[in-house]
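S.K.: Quick one, structure for this:
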Amino acid sequence: MKDSAAIKRANKARIGRLLRAGKAYTKQQVALQTGLSVASCNTYLNEMEATGEVLGESQRIHDVGRNSVVYKLNEAYESILCISFALLQGVKSITTWVLSPTGNLLDQRKCTFDFLDAAVVQQEIAVTLERFSNVSQIIVGTPSIAEKGVIRHSDLPELENVALKDLLETKFKLPVFLANDMHYKVYGYYRQEQCSDEIITLVNYPSGVLPGTATVHKGVLLTGKNLFAGMVGFLDYGISREEQIKRLQRPTAEPLIIQATIALISILNPHRLVLTGDLLQQRDLDRIRTACLRCIPQEYMPDLRFVPDVEEYYRWGMYWTAMDRKENIP
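M.R.: Numbering: from 1, shown residues only. So this is what the prediction gives:
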């Protein structure tokens, strides 16, 4: 059984989910929408207003009658700092987003570096925290496996085997969540496109680095035993890893893409397989589909889609991850 603190946290999270849409509600409306009693909503909303998490404002709901207090999330209560690093077409970069409790973008920066190690990541975070002192969580995306907060098999050699989660939590005294960038991207796609009952696989093919995939079903990421699931760059293509990376250019990448696509369809059987990355274009999908049909029966083919830019999904995936964690952090 849940203890009273856990029940209170779960009920406040339910109210937070309702208010996250940006609308204002009376206590009676909150009770109706959440299924909680009016008395419970009264208690929780009073507590949340006292801490500043929500704002109460007196408004006249109808043309006649007394004013009622309506409640909405306080956009200034907290911020979420999202930071990602990448190696794309030989360029190393860090992107930071600062998001409000409702997901509004408050700030965005992107910087490139010749050398990108943990000290650079810390410096970029420190610069942002100087401007946003109300950051409550740091969400980090990495082009690597992120097992137990440690970066492994990274596109950026300076960050290989760095225990980044512990390093950042020690430095900034804030909760940090570190995950593979593809996990955020597919989760953001899943949430924003409202694919609630579908298996969604997202495949990213940037030139010059190993591809990555991630799959989500009913809100659950399929990460595998130690977060290795989806690392199609480690399939046996009959060539060395170095040769594979050399071939990850147009047009020599297409046979590798087709082989990986067939493997993903056979193993995961997704409803929708979303392709992205600069190695792909919309017109490539017909050839990929035709090649897959040589091995995969038509009735098992997923809906193939091409999305040229998933940065917005990446940001939303980080936001929804932060919200999920907020509901589960005591």
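
S.K.: Every contact and neighbour count from this point should use C-alpha atoms.
M.R.: Will do.

S.K.: Residues contacting whatever helix or strand Thr128 lives in, please?
M.R.: In the assignment (DSSP states H and E), Thr128 maps to helix 118-131. With contact meaning C-alpha atoms under 8 Å, 6 or more residues apart in numbering, helix 118-131 is reached by 83, 94, 96, 135, 158-159, 162, 164, 168.

S.K.: Go through the residues you listed and name the one nearest Gln33.
M.R.: The closest of the contacts of helix 118-131 to Gln33 turns out to be Val135 (C-alpha to C-alpha; 29.0 Å).

S.K.: how many other residues sit next to the residue nearest to the closest one when sequence neighbours are not counted?
M.R.: Spatially, and ignoring its direct neighbours in sequence, Val135 is nearest to Ser79 (4.4 Å; C-alpha to C-alpha, 6 or more residues apart in numbering). The number of residues packed around Ser79, counting by other C-alpha atoms under 10 Å, is 24.

S.K.: How about the contacts made by Ser79?
M.R.: 98-101, 132, 134-137.

S.K.: And the next helix or strand past the host helix or strand of Val30?
M.R.: Per DSSP H and E: Val30 is located in helix 27-34. On the C-terminal side of helix 27-34, the closest following helix or strand by DSSP H and E is helix 38-51.

S.K.: and the helix or strand following that following helix, what does it pack onto?
M.R.: Later in the chain than helix 38-51, the nearest helix or strand by DSSP H and E is strand 54-59. For strand 54-59, the elements it packs on are helix 38-51, strand 68-73, judged by 3 or more C-alpha pairs under 8 Å, 6 or more residues apart in numbering; DSSP states H and E.

S.K.: Which one, of these, ends up nearest to Glu243?
M.R.: Distance to Glu243, taken as C-alpha to C-alpha, is lowest for strand 68-73 among the helices and strands packed on strand 54-59, at 52.2 Å.

S.K.: Can you give the contact residues for that closest one?
M.R.: Here strand 68-73 makes contact (C-alpha under 8 Å, 6+ apart) with 16, 19-20, 22-27, 45, 53-61, 101-102.

S.K.: Make a ChimeraX selection of the buried ones in those residues.
M.R.: Remark: buried members of the contacts of strand 68-73, expressed as a ChimeraX selection using 16 or more other C-alpha atoms under 10 Å:
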select :16,19,20,24,25,26,27,45,53,54,55,56,101,102
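
S.K.: Quickly check the contacts of helix 118-131 for the two that are furthest apart.
M.R.: Farthest pair in the contacts of helix 118-131, by C-alpha to C-alpha: Val135 and Glu158, 26.7 Å.

S.K.: Tell me which of these two has more neighbours.
M.R.: Between Val135 and Glu158, counted using other C-alpha under 10 Å, the more crowded position is Val135 (19 against 12).

S.K.: Now do the contacts for the more buried one.
M.R.: Val135 makes contacts with 78-81, 129, as judged by C-alpha under 8 Å, 6+ apart.

S.K.: Next: Thr95.
M.R.: When contacts are counted by C-alpha under 8 Å, 6+ apart, Thr95 is found next to 83-85, 108-111.

S.K.: Widest-spaced pair of the residues you listed?
M.R.: Spatially, the most separated pair among the contacts of Thr95 is Phe85 and Gln108, at 13.5 Å (C-alpha to C-alpha).

S.K.: Of the two, which one has the most company?
M.R.: Neighbour count, other C-alpha under 10 Å: between Phe85 and Gln108, Phe85 has more, with 22 against 14.

S.K.: Assumed the more buried one was part of a strand.
M.R.: Yes - when DSSP: H, G, I helix; E, B strand; the rest coil is applied, Phe85 is found to be in a strand.
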